[in-house]
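# sequence plus predicted model, see below.
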Amino acid sequence: MAAASSLSLAEEAARHDNHIIPVANANLSLFSGPRDYYTLLVLTSTDPKHECGLCDTLPEVVSTVAHSWHADYSSGMLFFTTVDVVDRTNIPIFEKLQLDSIPHVWLIPPNMTASADPYSLLDNVHYAFKLPVGGVSDQVLELARFLSELLQKNIAIRDEAPASKFVKTFVAVFAVIVFLKKRGPSFIRGQSRRKGYAIFIVILTLVFVSGYQFTTSQGTPFVARNEEGIIYISGGLYYQFGIEIVMVAANYFSLAMTLIAMIYLGRYQITETSRIHLEATRSALVVVANVVLFVLFSCLTSMFLRKEHGYPYGLAKLF
């Protein structure tokens, strides 16, 4: 038995608003047989008689993640399918698995082994996702994180329409600008105002280039802890703790200040009234600035090496 191709599955998924292919008549033939794609299989029940609280929120959770995935990745790497026992024709699947609880969310990797069993998908090795108890937004982020870590693909959750988000952001920024133009001069004047704006822009730039938007959209913790202690740097490219924003921003700022100091020292003119009186002192400061620059850049590449061990352009590995 041959599974459907990724192209035909993509066409089937496109027929559904949430990009989730429902199973009926216990028919898993689309996914049974050789597959070169991942399958997220959801085994659940929307029947109120089963009194499954997690099952009530699961459709929204999976739908949100599926929509976000398909918004960024059109390739046939991952497909979503759900088996709902409220459709009594799907009971043979639950009987084969001998499940005594629901829901179950399984990520089934590609498998190129041919099989005549129409339920061969259920026998494949899979990764199980445990839906946490909590709000829908937390569950969405946990499922997105689960898939991101296994697939090595970042899933940016879209919790509202882009147009709506743009309007809200535009209105908020416009209101701040109007307030500053109307009220700003009364408490911030002359050079102080310009310096204040410059400092604000520098801080804002450092925060955003350090991954603030990525971290907030993924809902990651500030730090993490395991049996060995506190973890400051996550071990994957598609995950980042909040403290990493501070570390990277501080590193960028220090690199910029050191580079400016090197330029300043390089153009520094020694005179009778200058603070640096000897050329040897200026040269020594240039050497120190170079060493600091090397150490700071090594810190930056060391952080990246913790995330991507094969990165070929690291300097000294400091941690």
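Nice, thanks for sending it over.

# and the gap between the residue lying farthest from the centre of the chain and Ala116?
Most distant residue from the mean C-alpha position of the chain: Glu272, 56.6 Å away (C-alpha atoms, centre = their mean). Note on Glu272: its distance to Ala116, by C-beta to C-beta, to the nearest Å, is 94 Å. All C-beta atoms are positioned from the backbone trio N, CA, C, and that covers glycine.

# okay but Leu315 is in contact with Cys299, surely?
No: if you go by C-beta atoms under 8 Å, Leu315 and Cys299 don't touch, sitting 9.3 Å apart.

# between those two, who's got more neighbours?
Set Leu315 next to Cys299 and count neighbours by other C-beta atoms under 10 Å: Cys299 wins out with 20 against 15.

# tell me the buried residues in the helix or strand hosting the more buried one?
Assigned by DSSP states H and E, Cys299 falls within helix 279-307. Neighbour counts over helix 279-307 (16 or more other C-beta atoms under 10 Å) mark 282, 285, 289, 292-293, 296-307 as buried.

# what of stretch 80-95?
Phe80, Thr81, Thr82, Val83, Asp84, Val85, Asp87, Asn90, Ile93, Phe94.

# stretch 245-264 now?
Buried, per 16+ other C-beta under 10 Å, within stretch 245-264: Ile245, Met247, Val248, Ala249, Asn251, Tyr252, Ser254, Leu255, Thr258, Ala261, Met262.

# repeat for stretch 124-133
For stretch 124-133, the neighbour count (16+ other C-beta under 10 Å) marks Asn124, His126, Phe129, Leu131 as buried.

# tell me which other helices or strands the helix or strand where Lys195 lies touches.
Element membership for Lys195, per DSSP H and E: helix 190-209. Counting contacts by 3 or more C-beta pairs under 8 Å, 6 or more residues apart in numbering; DSSP states H and E, helix 190-209 packs against helix 242-266.

# one more time with 10 Å, if that's ok
helix 162-187, helix 212-218, helix 242-266 (3 or more C-beta pairs under 10 Å, 6 or more residues apart in numbering; DSSP states H and E).

# just to revisit the earlier point, which helices and strands does the helix holding Cys299 pack with?
Using 3+ C-beta pairs under 10 Å, 6+ apart: helix 279-307 touches helix 242-266.
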